[in-house]
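# Below: sequence and its predicted model.
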Amino acid sequence: DWVEGDPYKLALFTSNGASFQKDVAVATDTPRPSARLFWVFAGMGVYVGILPVALGILWLPFLRRLSSVWTHFLMSLTLGLLVFLGVDALHEGFEIAGKLPSSFAGVGVVAIGFLLAFLGITAVDRATRGGVGREGVDPSLMLAYLVAFGIGVHNLGEGLAIGGAYAAGEIALGAMLLVGFTIHNTTEGLAIVAPLTKTKVRV
């Protein structure tokens, strides 16, 4: 039995004795799957992963008028954001994994996931670059597609992070991630169209 709106402290014990504790600041019903909930989260995905990237892509005519110095500056800013987020996410992953019981091998799971993601994107990059030498393939357009693919896989992780925050009841964290990823994803559109600034695109 529980009372709506009251705080609770929950403890869960597994069959091997491992314990997990969770503080519930405000008790409320977990949202049940419904068509409305589906469209709400689909709207969040469009708001975070599609609109900001599209806005960044629309900067292509502006980027073509910039000097190479300013283009390199914007790309360095984008790269800095991505490196910061990557290092921060890896640090958070290891920190959370370190709190798990040793039987779950959390640190190993994080390390394996990181290596698999890196090797998977590298394999796609190597396989795609093999087609650049064929006649009619624009290297700049191919690079733009590769960046778009990598960013797409990366944005899938962002969606999982937002959804995980809401699923865990961390509404404030989910809202912060929603706003933060939206701002960050605007620069991803710049990264996609950057290889096309000195060439005419033929699709």
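Structure received.
# and the closest residue to Phe20 other than its chain neighbours, what are its phi and psi?
Nearest residue to Phe20, sequence neighbours excluded (C-beta to C-beta, 6 or more residues apart in numbering): Leu12, at 4.6 Å. The way it works is simple: take the backbone N, C-alpha and C, and place the C-beta from them, glycine included. With angles defined as degrees, to the nearest 10, Leu12 sits at phi -120, psi 130.
# per-residue confidence for Leu12?
Listed pLDDT for Leu12 reads 90.
# For it, give its distance to Gln21.
Distance, Leu12 to Gln21, using C-beta to C-beta, to the nearest Å: 8 Å.
# Which strand or helix spans Phe20?
If you go by DSSP states H and E, Phe20 is part of strand 19-24.
# after that strand, next one along is what?
Assigned by DSSP H and E, the successor of strand 19-24 is helix 35-45.
# Give the buried residues for the helix-or-strand element of the chain with minimal mean pLDDT.
Sorting the helices and strands of the chain by mean pLDDT, DSSP states H and E puts helix 68-99 at the bottom, at a mean of 79. Using 16 or more other C-beta atoms under 10 Å as the test for burial, helix 68-99 gives 71, 74-75, 78, 81-82, 85, 93, 97.
# Which member of those is positioned nearest Thr187?
Thr78 (4.3 Å; C-beta to C-beta).
# re earlier: reformat the buried residues of helix 68-99 as CSV; add distance to Ala25.
Conversion of the buried residues of helix 68-99 to CSV gives the following (distance: C-beta to C-beta, whole Å):
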residue, distance to Ala25
Thr71, 47
Leu74, 41
Met75, 42
Thr78, 36
Leu81, 31
Leu82, 33
Leu85, 27
Gly93, 24
Ala97, 24
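# what's near enough to touch the most centrally placed residue in the chain?
Against the mean C-alpha coordinate of the chain, by C-alpha atoms, centre = their mean, the closest residue is Glu158 at 2.8 Å. Each residue near Glu158 by C-beta atoms under 8 Å, 6 or more residues apart in numbering is listed here: 48-49, 177, 181, 185.
# Mind doing that once more with 10 Å?
Shown in contact with Glu158 (C-beta atoms under 10 Å, 6 or more residues apart in numbering): 45, 48-49, 85, 89, 151, 177-178, 180-182, 184-185.
# what's the answer for Ala175, then?
Counting by C-beta under 10 Å, 6+ apart, Ala175 makes contact with 162, 165-166.
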